[in-house]
Structure formats: structure tokens, C-alpha cells
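Enquirer: Here is the input, now give the coordinates:
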Amino acid sequence: MPDFADPPAAGARPAPPRPRLQIGFVLLPRFTLSAFANFMDVLRLAADDGDGSRPIHCRWAVLSPDMAPIQSSCGVRIEPDERLGDPARFDYIVVVGGLIESGGGLPPGLAPFLQRAAAQRIGIAGLCTGVFALARLGLMDGYRCCVSWFHHQDFLAEFERMRPVSDQIFVVDRDRLSCSGGVSAAHLAAFLVDRHLGRAAARKSLSIMMIDEPMAGDRPQPGLPLELNARDPLVRRALLAMQQNLHAPLPIARIARDLGVGRRKLERHFNADLGIPPADASVRIRLAQARMLLARSDRTVTRIAEETGFCDASHLIRVFRETEGTTPDLWRQDRAQSSPDHQPDEGAVA
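Expert: Sure, this is the predicted structure:
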């Protein structure tokens, strides 16, 4: 005989539908607040009409083994919502990392929780340096993972057999997801919202956050100039070392030694891959940064020279003139005048 449920009482409200996307957050000690907030806000804005923030279409919770407040790298503390419990109540577990040097192991109970989630084939994501914690547990073995260019060398130093992806903003490899941090966390969240709620919901979230449009995971990370798009792994690692030391450029011999090769071998790889020696690549990277600062800030040429590793303003001006055919100040003026937002003075004659 069929088992019929009792009809709802008169006037009773039907149970709300199950959210289509449920996320459990694990915040590591000294986590990066921006990565967490960017990911969270995409969910929040997709979960409700407008920016009402009701967890209707999405649900989220900050998880903890002991319910103690978790301090971010900037000092802000977050109160957990729930204990770890069964990871199966979520579609994804998102691990948010932060300062590498602050890590002395995972809080008690967290490793078994993440390993259980992996065994249950629940999606696991690492934001910022959260992927380091997953790799330490062996949860990234056999998976591609995204690491910020800034932490590329740190990752290689700890995980010699792994080859992190540092030229994309995020990577999705089956049930493992990872992103480089910062605004890329918003794009990874938008990817999941698109997958579970639809593209309109993802675009709506990003639009309210003043982000133009969703970016695909293979969008290059900001940092290395596009003209130095190296294929050789050794060259890529050397370029990343240069990028990480813009203000105080490392000698080429030091970079080669840190990479475990001789200077001549490094030079051969650069010439074969990019057609230029490492010293020229270093100058190009620093000039690209100088152009960016000239275009997007009002810093003086002297300060830009200091921040990009040139001896002084005269050195930057000389190198800039050799490559651009003009001085930094004139380049900035010409760019400002050619900008679509530039308006002529009211007294100017048309």
C-alpha cells in the first residue's frame, strides 16, 4: 500500500526549495580577506533578487572545527557559522589561504574533513594560497592547479614534482578548482554560478560588483608583459623571479643559481625561446611596469624609477627614450591627450 504523506496544514507555507549551489568555506589562519570577500559577494548577489542577500538560490557557511573566530591577514576576524560536520551537505568546499609564512599546519580536524570531502567526490577549491594546503594533503596529486605568479617560486620550492599554472586566473580540473586570488576569486565564483544557476545570474553578480564581464579561466594573470609569453618552463620561472623583484632586480647569475642552472644555460634557453638574453627580458619587464605606472598613476618619474629597479630618474629616462623614442613625461602627456576620456580646455578653439 503506498505511503502517502499527510497534506500540509491549512495556511502552512511550503518548504523553501533547496538552494541550487551550496558552498562551505574553510578559512585558514591569516587568510586573504579579498579572495574570500570577492568569492562570497558573487554568491550573495546571485542568491537573491537585486542585492537582497537572502540565501535563496545559493547557501554558504563558514566552517570551523572549534567555532573560534578566524583572523585574516589584515587583522579582520570572521565568526564561523557551523562546525565542520559532514561535507556532503555542500556542493563545494572552498579553502581560502593567505600568508604562507604564517602556516604551521592545519587546525585540528581540518585534514580529515578535507580528505573525507575528496573521498565523497565533493568539489574542492583552493583560493589564493589555499591550494598549498590542499597540495600538502596530497589532494592536488594528479590535478592541474593555479598559483599566483607571485607565489610560483614558493610553490615549486615546496612541491618539486608539481607544475603549477601561473599564467591563468583560475583552473578547473574535474572536481578540483583553484585560482590565483584577488579578483580572480570573483571570476571562479561566477564560473560556478554560471554552471549551477545560469549565465544571467553570474553576469548580474559581477555587474553589481562593477566587474565588466566574466573572464574565462585561461585569461592571463596580470603581471608579465604579453610580449614575453615564454613556453620554456625554465624561462618562465626566470621571468617570474624577475617579476617578483622589480624594485631590486636580481643579477642574472643569481637567478640562474636559484634555478639550479648555469648562467650560460639560462641564456641559451632565453635566446631559443624569446630571442633575447635574460638581461634584456629584465629591462622589458621593468619598462612594462613603468609604462603601467605612468598610465595609471600620478607618481613622479623619480618614484617610478625607484619602484621599477632603475638607478634613478635619469637612467629610466635614458632607457625609456631608447625604446619609446620619447621621455616618460611626454609619453604620459601624449597618452592622456589621446585618451577617449580626455576633454579639451573650455577655451580651446575647435
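Enquirer: which residues are in contact with the longest helix along the chain?
Expert: Ranked by residue count under DSSP state H, the longest helix found in the chain is helix 278-296. Residues outside helix 278-296 that contact it (CB atoms under 8 Å, 6 or more residues apart in numbering) are 224-225, 227-228, 238-239, 242-243, 246, 249, 252, 255, 266-267, 270, 274, 276, 299, 304-305, 307-310, 316, 319-320, 323, 328, 331-332, 335. For glycine as for every other residue, the C-beta is placed from the backbone atoms N, C-alpha and C.
Enquirer: Now the following helix or strand past that helix - C-alpha only, PDB.
Expert: For helix 278-296, the succeeding helix or strand toward the C-terminus, using DSSP states H and E, is helix 301-307. Provided in PDB are the C-alpha atoms of helix 301-307 (Å, rounded to 0.1, in the frame of the first residue of the first chain):
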ATOM      1  CA  VAL A 301      59.300  59.700 -12.700                       C
ATOM      2  CA  THR A 302      61.800  59.500  -9.800                       C
ATOM      3  CA  ARG A 303      59.400  57.400  -7.800                       C
ATOM      4  CA  ILE A 304      58.600  55.100 -10.700                       C
ATOM      5  CA  ALA A 305      62.300  54.600 -11.300                       C
ATOM      6  CA  GLU A 306      62.700  53.600  -7.700                       C
ATOM      7  CA  GLU A 307      59.800  51.100  -7.900                       C
END
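Enquirer: Figure out how far the longest helix of the chain is from the centre of its chain.
Expert: Mean C-alpha position of helix 278-296 versus that of the full chain (CA atoms, centre = their mean, to the nearest Å) differs by 22 Å.
Enquirer: and that helix, which residues are buried?
Expert: Residues 278, 281-291, 293-294 are the ones in helix 278-296 that count as buried (16 or more other CB atoms under 10 Å).
Enquirer: Helices of this structure, residue ranges please.
Expert: 33-46, 110-119, 130-136, 152-158, 184-196, 199-208, 233-244, 252-258, 263-273, 278-296, 301-307, 313-324, 328-338.
Enquirer: mind listing what's buried in the last one?
Expert: This points to helix 328-338. Neighbour-count burial for helix 328-338 [16+ other CB under 10 Å]: 328, 331-332.
Enquirer: Give me the helix or strand of this protein that scores worst on average pLDDT.
Expert: Sorting the helices and strands of the chain by mean pLDDT, DSSP states H and E puts helix 152-158 at the bottom, at a mean of 79.
Enquirer: Now do that one: which elements does it pack against?
Expert: Secondary-structure packing of helix 152-158 (3 or more CB pairs under 8 Å, 6 or more residues apart in numbering; DSSP states H and E): helix 130-136, helix 233-244.
Enquirer: Let's see it as CSV, backbone CA atoms only.
Expert: Only the C-alpha atoms of helix 152-158 are listed here, as CSV (Å, rounded to 0.1, in the frame of the first residue of the first chain):
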residue,chain,number,x,y,z
HIS,A,152,55.1,30.4,-8.2
GLN,A,153,58.6,30.0,-6.9
ASP,A,154,57.3,29.3,-3.4
PHE,A,155,55.2,26.5,-4.7
LEU,A,156,58.0,25.0,-6.7
ALA,A,157,60.3,25.1,-3.7
GLU,A,158,57.8,23.1,-1.7
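Enquirer: Verify the stated contact: residue 317 with residue 304.
Expert: No: Residue 317 lies out of contact with residue 304 (CB atoms under 8 Å); the separation is 10.4 Å.
Enquirer: Can you work out which residues contact both of these two?
Expert: The contact sets of residue 317 and residue 304 overlap at residue 328 (CB under 8 Å, 6+ apart).
Enquirer: Those two: which has the busier surroundings?
Expert: Taking neighbours as other CB atoms under 10 Å, residue 317 and residue 304 compare with residue 304 leading, 23 against 17.
Enquirer: where does the stretch 251-350 of the chain have low pLDDT?
Expert: By pLDDT under 70, the weakly predicted segments of the stretch 251-350 of the chain are 339-350.
Enquirer: if you set the cut-off to 90 instead, what comes out?
Expert: Counting by pLDDT under 90, the ranges of the stretch 251-350 of the chain that qualify are 258-259, 288-289, 292-293, 295-299, 307, 334-350.
Enquirer: Could you do the stretch 1-150 of the chain as well?
Expert: The low-confidence ranges in the stretch 1-150 of the chain, as defined by pLDDT under 90, are 1-18, 49-53, 98-108, 148-150.
Enquirer: ranges for the strands of it?
Expert: 21-27, 58-64, 70-71, 77-78, 82-83, 92-96, 123-127 (DSSP state E, counting those that start in this stretch).
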